[in-house]
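Undergrad: Here is my input, please return the structure:
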Amino acid sequence: MPLDRNRIVWISHRGVTERAVENTPVAFQDAVAAGFDTLETDLRSTRDGVLVLAHDDEMAHIAKSNRRISETDYDEIETIPLRDGQRILRFEEFVDEFAGQRWLLDIKPETSVQVIDLLAGRMQDRAFASMLRERARFLFWSEREQRYGQTRLSGVRCTARQSESYRAGIASFLGLPWLGGIEAGKTYGLTATFKGLNLFTPRVFDAYHSRGAQVLAYLPESGREIERALWAGADEVILDFAYDRMGSAP
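TA: Numbers count the residues shown, from 1 in each chain. You can find the predicted model right below:
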């Protein structure tokens, strides 16, 4: 059966960064232009409770500054230029500009409770709450954080946590998927290899699909790895770069 690439959910990991700093308007604009339908990003809170998009708490990765976002008010952070001249992006700006895409929101653990509470406050606005439930999925880093998030952010969807994905992947590779705790309706991340072993195979992916779960090919590093994931039956692919999707499966 021919591979239907249109059924795949293509996710841009922090945007396309060939010419822009990650998690910035230009990075996400380039991702949309490259055909990504979902944008993955990281949510943190400043000291004074402004939601911003940044993977690391310390800004050294994206700017010539070692300021910590969690210890700095937004008015100061706003004056710090990023390495490409842009400034750090607020979540409200992201929502306004990229309302046409879907989002995968990684809630960083350092300020997770504050981020959840801030989002819960915004969800008092019914339109915003509806948008968040429809367009967003959440990734939490601990079971405790996820329970709190799902309690405060009623009705939002979550992907499997890293620990859940790791357990499911190893169990599926070993042919013991019933030990992986795989749940129907949940999406699990899976890397291309583990200790040199190939995980992108139909047998491994079928272990998820037979239990009603989906597989996210997590950050394949080359076109060959992407094609292997598609051939094996990936439902979603998250990438650090733009990719020509017209290639053939192996």
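Undergrad: going forward, measure contacts between C-alpha atoms and count neighbours the same way
TA: Noted.
Undergrad: now that we're looking at residue 44, which residues does it contact?
TA: If a contact means Cα atoms under 8 Å, 6 or more residues apart in numbering, then residue 44 has 51-54, 57, 69-70, 107-108, 110-112, 115 as its contacts.
Undergrad: if we go to 7 Å?
TA: Counting by Cα atoms under 7 Å, 6 or more residues apart in numbering, residue 44 touches 51, 52, 53, 54, 107, 108, 111, 115.
Undergrad: any idea how far residue 9 is from residue 20?
TA: Here residue 9 is placed at a distance of 23 Å from residue 20 (Cα to Cα, to the nearest Å).
Undergrad: which one of these two has more residues nearby?
TA: Neighbours per residue (other Cα atoms under 10 Å) separate residue 9 from residue 20, with residue 20 holding more: 20 against 17.
Undergrad: Touching, that one and residue 83? I think so.
TA: No - applying Cα atoms under 7 Å as the test, residue 20 and residue 83 come out as separate, 8.5 Å apart.
Undergrad: how about the CA coordinates for the longest strand seen in the chain, as CSV?
TA: For the chain, the longest strand by residue count, based on DSSP state E, is strand 38-45. Extracted in CSV, the C-alpha atoms of strand 38-45 (Å, rounded to 0.1, in the frame of the first residue of the first chain):
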residue,chain,number,x,y,z
THR,A,38,2.1,21.7,14.6
LEU,A,39,4.5,23.9,16.5
GLU,A,40,6.3,22.6,19.5
THR,A,41,7.5,25.1,22.1
ASP,A,42,8.5,25.5,25.7
LEU,A,43,6.6,27.5,28.3
ARG,A,44,8.2,29.3,31.3
SER,A,45,7.2,32.1,33.6
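Undergrad: That strand: how far from the chain's middle?
TA: 7 Å (Cα atoms, centre = their mean, to the nearest Å).
Undergrad: Kindly report the same for stretch 222-230.
TA: With Cα atoms, centre = their mean, you get 19 Å for stretch 222-230.
Undergrad: Return the set of buried residues in it.
TA: Neighbour-count burial for stretch 222-230 flags 225, 226, 227, 228, 229, 230 (criterion: 16 or more other Cα atoms under 10 Å).
Undergrad: Once you drop chain neighbours, what's closest to the second one?
TA: Spatial nearest neighbour of residue 226, chain neighbours left out: residue 220 (5.8 Å); criterion: Cα to Cα, 6 or more residues apart in numbering.
Undergrad: Could you check which helix or strand contains that neighbour?
TA: Assigned by DSSP states H and E, residue 220 belongs to neither a helix nor a strand.
Undergrad: so who does it touch?
TA: So residue 220 contacts 192, 226, 239 (Cα under 7 Å, 6+ apart).
Undergrad: What ranges does the protein have for its strands?
TA: Ranges of strands in the chain, per DSSP E, are 9-13, 38-45, 51-53, 102-107, 136-139, 157-158, 187-190, 193-194, 197-198, 214-218, 236-239.
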